[in-house]
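J.: Provided below for reference: sequence and predicted model.
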Amino acid sequence: MGKVLSVLYGVVCYGIFFAAFLYAVAFVEGLPVPKTIDSGPVGAFLPSLIVDALLLGVFAVQHSVMARPAFKAAWTKIVPKVIERSTYVLLSSLALALLCWQWRPIPSAIWTVGPGPVATVLVMLSYVGWLTVLTSTFLINHFDLFGLRQVWAYASGKETPPQGFHTPLFYRVVRHPLYLGFIIAFWATPTMSLGHLIFAIATTLYILIAIQLEEHDLVAVFGDTYRGYQKRVSMILPWMPRTKA
């Protein structure tokens, strides 16, 4: 029964993640959903800025702190290890849902590109960013990243083998294509409001900080193999040359 429940829990957490991810795409892109980054009642600038900053802070702290090895070591004394990743995915998805739900729009226009080829290119580029994000998760093992591999291995009575180091496709030209995809998706828009700009700046800064934390952990796991990778491949801008290891 415990194995069945762990798989069910993992599947439910994954379903919540996927729903939150799809809603986040619509939220940023301004698609027809109940709430987008620029829709909803408009309040005074300062209270809106404070609320938005707090929402971004909740997501950033939850997303980064729970991903650290020291936190995982303590957390798995409370939560069974087999569902640790699924629980992380669940809480991340809820933090994202909270952000989309409570976000305060600040609609002042920073730039607006009227209908035409340039606007079309910007929209298409943003979708390329989202597609890069999703594709990158499958390149590194989508089902491990979102907890399904762990619960399935447990239910099957197998040990979850550790992830090896590999650099498929996008990872041969940039170390963090998933983060690059997010940056593209957040910045490529024909209509940039002040609220959207604040969102894009804050998330980009968070990504740059998160990369440093993540790479510290990767060096601790893979040692010189990852250090060599850092020397060969650019962190997030694929056109930045690197020295050969």
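T.: Received the coordinates, thanks.
J.: pLDDT averaged over the helix or strand where residue 101 lies - what is it?
T.: Element membership of residue 101, judged by DSSP states H and E, is helix 84-102. For helix 84-102, mean pLDDT is 96.
J.: Residues touching the next helix or strand after it, excluding its own?
T.: Following helix 84-102 in sequence order, the next helix or strand is strand 109-112 (DSSP H and E). Residues from elsewhere that reach strand 109-112, judged by Cβ atoms under 8 Å, 6 or more residues apart in numbering: 190-194, 196-197. (Glycine included, C-beta is placed from N, CA and C.)
J.: Likewise for stretch 22-32?
T.: 33, 35-39, 96-97, 100, 103, 123, 126-127, 130, 185-186, 189, 191, 196, 199.
J.: now swap in stretch 57-64 and tell me
T.: By Cβ under 8 Å, 6+ apart, the residues outside stretch 57-64 that reach it are 91-92, 95-96, 98-99, 206, 209-210, 213.
J.: and if we set it to 6 Å?
T.: Identification of contacts with stretch 57-64 by Cβ atoms under 6 Å, 6 or more residues apart in numbering yields 91-92, 95, 99, 206, 210.
J.: Off-centre distance for it?
T.: 11 Å (Cα atoms, centre = their mean, to the nearest Å).
J.: Send over it as CSV, restricted to the C-alpha atoms.
T.: Extracted C-alpha coordinates of stretch 57-64, given in CSV (Å, rounded to 0.1, in the frame of the first residue of the first chain):
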residue,chain,number,x,y,z
GLY,A,57,10.9,36.3,-2.6
VAL,A,58,8.7,33.4,-1.4
PHE,A,59,9.2,31.5,-4.7
ALA,A,60,13.0,32.2,-4.7
VAL,A,61,13.6,31.2,-1.1
GLN,A,62,11.5,28.1,-1.3
HIS,A,63,13.0,27.1,-4.7
SER,A,64,16.6,27.6,-3.6
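J.: Helices of this structure, start to end?
T.: Applying DSSP state H to the chain gives helices spanning 2-29, 45-65, 69-75, 84-102, 117-140, 142-145, 148-155, 177-187, 194-222, 224-232.
J.: Now distance to residue 238 and mean neighbour count too, for these, in TSV please.
T.: Below are the helices of the chain laid out as TSV (distance: least, Cβ to Cβ, whole Å; neighbours: other Cβ atoms under 10 Å):
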stretch	distance to residue 238	mean neighbour count
helix 2-29	23	17
helix 45-65	24	15
helix 69-75	29	12
helix 84-102	27	19
helix 117-140	11	15
helix 142-145	22	16
helix 148-155	28	19
helix 177-187	8	21
helix 194-222	15	16
helix 224-232	12	14
